[in-house]
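*Asks:* Quick one: sequence plus predicted model below, questions after.
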Amino acid sequence: MKVRAAIAAAVLAVTLMIPANAFAYLTWFEFTRQSNISSTLTMAWQYGPGYYGTQSWRAGSGVSTDACWIGHGWLPTGYYDLKGHWDNYNGAIAGRVFYLQNKPCWNGTWRTELFVHSEETAGQGQYCPTAGDDPYCWEGDYDYYSNGCIKVSRAAYPSDLRLVHDGWHGKSGDYRHGYFTINNWLYVRG
Amino acid sequence: MSGISRSKRRKGLTLAFVAAISSAGALTILGTFGAHGAVPRTGPLSVHAGLQKSPGTFVRGDGLFTGSGARSQLGASVSGAMIGPLSPVAVRSSDGKLVAYNTWQELRAVDADQSFSGQGIADGDALGIPSLRVHDDAGKDLLLARGAYSAAWRHDGAIAFVEGVDPSFRADRTYTGQVVVRRGIHGPDIAWTTEPAHYVVYSWAGDRLIFYRIGLAEKAELLVADGPGRIRRLADGSAIALSPDATRIAVLSQHATNVRVLDVATGSEQSWLDVTTATPPLAWLAYSGSWVGDHVVAPASAGLAVLHVGSRSLELEQVLSLDHADFPVGVQEPRFVDADGNEITATADIPPAKSTAGVSFFLQCHRIARTCERGEPAPAKDWLRLVDGTAAAKEGGH
């Protein structure tokens, strides 16, 4: 009995020693612009004072490197707030999406309606009815191009989109969906 | 074989050779200096400083300048904050007497490097108000509409633009509005759209109005209105240019690789081109180019692309490449500025670097000689742009 009590006490002690936020780290993303179809999206989390973890994926943005070109250029640099997150978004883009704040580029042009997303259906599936480029189907590298949004791959299993999505929830401990704000959720550099 | 016959044969061969050379030369000369004097060839553009004179009226900051440099004071600084290159920042009326231009009244300064939260901007905070103003050739300047942007003049003096539901552009709110048409600058507004949305007016095509609806992820949808409330979808994507007779439009796919020429009245496709499989292949084209005669010029991944439009064909005629080190983001809004479609003026932007702010300058190029002259740089926030409708060429809509 004493042994059992001792084990229970030890387990409790260990449990209490784990920080309350052990599974809710301060988590954010960084996007390093390198090229339109081969840049890097990094998720970073702070798991202790001065201790950080990171995980990176290939990502794309825009068709050209002019951030002032609406619907054509990649994202402007700087910090972005997150304005919402959905698992089953249903629109011109669909499925798992992260909605970013509006941002002016360097000549003052406003870039709006920007997301981190991929190419999947609202049900998180793939819909590939044609031999050409289908909007809810990840066909290949060409799909990294966007009108300005950050795009990650929906290919393979688990897909980069799933790793980004699940990574975000898992590391941040934030399971909210719909409209909400997280300050400085993304930093775009390069 | 005798010496005479050998000589005759040699002479015959010589004559044949000379004839062949002459024919080839004639063909070359004909090919080189045919129709418009020379054949445009793909290749790099040689760019030199020294553009002394703009090919037409232009705007910069709060000034309207003639090609020779005479300045007229505008009522506010020009800004394409709401439109970028989707629509001209300033556009001249058909009779040439009025210039409508876009402005931006900043309600609070926004640091582009910081997030909204990082500078105390709350969701829904008013950040600025876009307005349209009109400047006449006597120097009078008046407010056309507050909470409005992207103007296009019709041949009869009516003007179309987007009027916001709320004049203020607000943090993290979609700026929705209606496309309205005003008969003259003092007339009442008539809504041509039925649902508020994020629209941008592009151009008139005769009595039809062509405009964008911008959706999620900045996806552009090109619409045409045959009249108030009579709206058709023309294409997903953007507009490169209208034909000079305004019956056809060159449109670009969402991913900027496929060009289609559509009949504006019916929306039917007349020709198409995939620029990624053209010769030479291009990664992309961009919207807001120009169409003169049977040529279309558009921004391209390499610099500039000139397309030849036939009645049922579309071909990549020429690619004019720019040095990426000098022009890291290429050029925007190229315009043919001569009737033959040989001279092109565009705006080149240079993004900010660590110690320098972004700048813009004009680039005037001759596509046969493949040379360009560049103008003096201006701060990018001055919105140095040609006034649309002032180029010398008989041009279609931008």
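*Replies:* On my side now, so go ahead. Residues are numbered from 1 along each chain as shown, chains lettered A, B, ... in the order given.
*Asks:* Return the set of residues that bridge with A:L186.
*Replies:* With DSSP bridges as the criterion, A:L186 is bridged to A:F29, A:Y80.
*Asks:* residues in contact with it?
*Replies:* By Cβ atoms under 8 Å, 6 or more residues apart in numbering or on different chains, the residues touching A:L186 are A:28-31, A:79-80, A:82, A:100, A:116. C-beta coordinates here come from the backbone N, C-alpha and C atoms, glycine included.
*Asks:* I'd say B:G157 and B:S93 touch.
*Replies:* Yes - with contact defined as Cβ atoms under 8 Å, B:G157 reaches B:S93; the gap is 6.3 Å.
*Asks:* wait, B:E218 sits on A:F115?
*Replies:* No - B:E218 is not in contact with A:F115 according to Cβ under 8 Å; the separation is 9.6 Å.
*Asks:* Report the secondary structure element holding the most centrally placed residue in chain A.
*Replies:* Among the residues of chain A, A:V164 comes closest to the average C-alpha position under Cα atoms, centre = their mean, at 5.0 Å. Take DSSP states H and E as the rule and A:V164 turns out to sit in helix A:160-172.
*Asks:* Quick one: list the elements packing against that helix.
*Replies:* strand A:26-32, strand A:39-48, strand A:51-61, strand A:94-100, strand A:150-152 (3 or more Cβ pairs under 8 Å, 6 or more residues apart in numbering or on different chains; DSSP states H and E).
*Asks:* tell me how far it is from the chain's mean position?
*Replies:* Centre-to-centre, helix A:160-172 and its host chain are 7 Å apart (Cα atoms, centre = their mean, to the nearest Å).
*Asks:* Would you indicate which residues of it are buried?
*Replies:* A:160-165, A:167-172 (16 or more other Cβ atoms under 10 Å in any protein chain shown).
*Asks:* just to revisit the earlier point, compare B:G157 and B:S93 and say which is more crowded by neighbours.
*Replies:* Per other Cβ atoms under 10 Å in any protein chain shown, whichever of B:G157 and B:S93 has more neighbours is B:S93, with 21 against 16.
*Asks:* Figure out which of the helices and strands packed on helix A:160-172 is closest to B:G375.
*Replies:* For those, the distance to B:G375 is smallest for strand A:51-61, at 30.6 Å, taking Cβ to Cβ.
*Asks:* ok and the closest one relative to helix A:160-172, angle-wise?
*Replies:* With axes from the mean of the first three to the mean of the last three Cα atoms, to 10 degrees applied, the angle from strand A:51-61 to helix A:160-172 works out at 150 degrees.
*Asks:* what's next to strand A:51-61, contact-wise?
*Replies:* Contacts for strand A:51-61 (Cβ under 8 Å, 6+ apart): A:25, A:31, A:33, A:36-47, A:74-75, A:143-146, A:148-153, A:160, A:163-164, A:167, A:171.
*Asks:* Out of these, which end up buried?
*Replies:* The neighbour count (16+ other Cβ under 10 Å) marks A:25, A:31, A:33, A:36-37, A:39, A:41, A:43-45, A:47, A:74-75, A:143-146, A:148-153, A:160, A:163-164, A:167, A:171 as buried among these.
*Asks:* before we move on, back to that, farthest-apart pair in the contacts of A:L186, please.
*Replies:* A:Y79 and A:V116 (14.5 Å).
*Asks:* of those two, who's got more company?
*Replies:* A:V116 (28 against 22).
*Asks:* Identify the bridge partners of that one.
*Replies:* Under the criterion DSSP bridges, A:V116 forms beta bridges with A:F98, A:I150.
*Asks:* And for B:S313, nearest residue in space, chain neighbours not counted?
*Replies:* Spatial nearest neighbour of B:S313, chain neighbours left out: B:S271 (5.3 Å); criterion: Cβ to Cβ, 6 or more residues apart in numbering or on different chains.
*Asks:* Can you list phi and psi of the one you found for me?
*Replies:* Main-chain torsions, B:S271, degrees, to the nearest 10: phi -160, psi 160.
*Asks:* Same check on B:A90?
*Replies:* phi -140, psi 140.
*Asks:* what about the residue nearest to it when sequence neighbours are not counted, neighbour count?
*Replies:* In space, and not counting its chain neighbours, B:A90 is closest to B:Y101: 3.9 Å by Cβ to Cβ, 6+ apart. Neighbourhood size, B:Y101 [other Cβ under 10 Å]: 29.
*Asks:* what's near enough to touch the residue in the stretch 151-300 of chain B that chain A sits nearest to?
*Replies:* Closest approach of the stretch 151-300 of chain B to chain A (Cβ to the nearest Cβ) occurs at B:E218, with a separation of 4.2 Å. Shown in contact with B:E218 (Cβ under 8 Å, 6+ apart): A:70-71, A:111-114, A:147-149.
*Asks:* let's go with 6 Å and repeat that
*Replies:* By Cβ atoms under 6 Å, 6 or more residues apart in numbering or on different chains, the contact set of B:E218 is A:71, A:113, A:147-148.
*Asks:* got any ranges where chain A has weak pLDDT?
*Replies:* Within chain A, the segments meeting pLDDT under 70 span A:1-22.
*Asks:* That one against chain B: which residues are in contact?
*Replies:* For chain A, the residues in contact with chain B (Cβ under 6 Å from any Cβ of the partner chain) are A:63, A:65-66, A:68, A:70-72, A:78-81, A:83, A:91-93, A:101-102, A:104, A:106-110, A:113, A:115, A:145, A:147-149, A:183-184.
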